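Trainee: return a 3D structure for these sequence lines:
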Amino acid sequence: MGPRPKNTDLEASAPFVSAAVGYDGFPYRYTSSVRSTQRKGDIATARAIATFTAMGYDVSIPLTESAAYDLIVDDGRERARVQCKFANNGRRQVDLRRIHSNSAGYVVKRTLEDSYDWLFVLDGENSEYLIKACLANRRSVTLREVNKLGAVAESGLLQLP
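Mentor: Numbering: from 1, shown residues only. Have a look, this model is predicted:
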């Protein structure tokens, strides 16, 4: 494989545009909306890592992007697979589909049974929610106060399944 062609559009990187290399070795672009959505997911995952670590859990991250969960939390006795999401709307709706891009475009996947054990959600107001269930075959879920992380922790329901 020879040198990659120079692409001045990618080299003039703005805060919302980043370059990556496709399978063919040539660069492709992330648009600002895709990158912004990915960034929100990254923020939710980072927040979940910090929160579970502060609560005394060991946290592991899968090595590949193909897992249907983002984290594994371990209390020394049992482990739970955690899917992390970000919700930034007034209706408190969380889209449960997994959407990512590849060389052919966007791939949308619905959650299958037993894909994860817990759903961690960070909302636009910095509130954290934990739903201790896999919400398979659903497009979305509405966040409820009973699932707010403080309420779950205080109720004693934060033990692993």
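Trainee: where do the strands sit along this protein?
Mentor: Remark: strands assigned in the chain by DSSP state E are 19-21, 27-29, 58-60, 71-74, 79-87, 93-95, 98-102, 105-109, 118-123, 128-131, 140-142.
Trainee: out of these, deepest packed?
Mentor: Most buried of the strands of the chain by mean neighbour count (mean count of other CB atoms under 10 Å) is strand 118-123; its value is a mean of 23. (C-beta placed from N, C-alpha, C; glycine too.)
Trainee: just the C-alphas of it, formatted as CSV.
Mentor: Coordinates of each C-alpha in strand 118-123 appear next as CSV, following Å, rounded to 0.1, in the frame of the first residue of the first chain:
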residue,chain,number,x,y,z
TRP,A,118,-27.9,-3.1,33.6
LEU,A,119,-28.7,0.1,31.7
PHE,A,120,-26.8,3.2,32.9
VAL,A,121,-28.1,6.6,31.6
LEU,A,122,-26.6,10.1,32.0
ASP,A,123,-29.0,12.8,31.2
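Trainee: other SSEs contacting that strand?
Mentor: Using 3 or more CB pairs under 8 Å, 6 or more residues apart in numbering; DSSP states H and E as the contact test, the elements touching strand 118-123 are helix 32-54, strand 79-87, strand 128-131.
Trainee: could I get these as a markdown table with mean pLDDT and distance to Val107?
Mentor: Listed next are these as a markdown table, based on pLDDT from 0 to 100; distance: least, CB to CB, whole Å:
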| stretch | mean pLDDT | distance to Val107 |
| --- | --- | --- |
| helix 32-54 | 83 | 12 |
| strand 79-87 | 94 | 16 |
| strand 128-131 | 94 | 24 |
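Trainee: in a markdown table, list those along with distance to Leu122.
Mentor: As requested, the helices and strands packed on strand 118-123 are exported to a markdown table (distance: least, CB to CB, whole Å):
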| stretch | distance to Leu122 |
| --- | --- |
| helix 32-54 | 4 |
| strand 79-87 | 5 |
| strand 128-131 | 6 |
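Trainee: picking that back up, of the strands of the chain, which is nearest Gly41?
Mentor: Closest approach to Gly41 among these is made by strand 79-87 (5.8 Å; CB to CB).
Trainee: partners of that closest one in the sheet?
Mentor: Strand 79-87 has these partner strands in its sheet, going by DSSP bridges: strand 71-74 (antiparallel), strand 118-123 (parallel).
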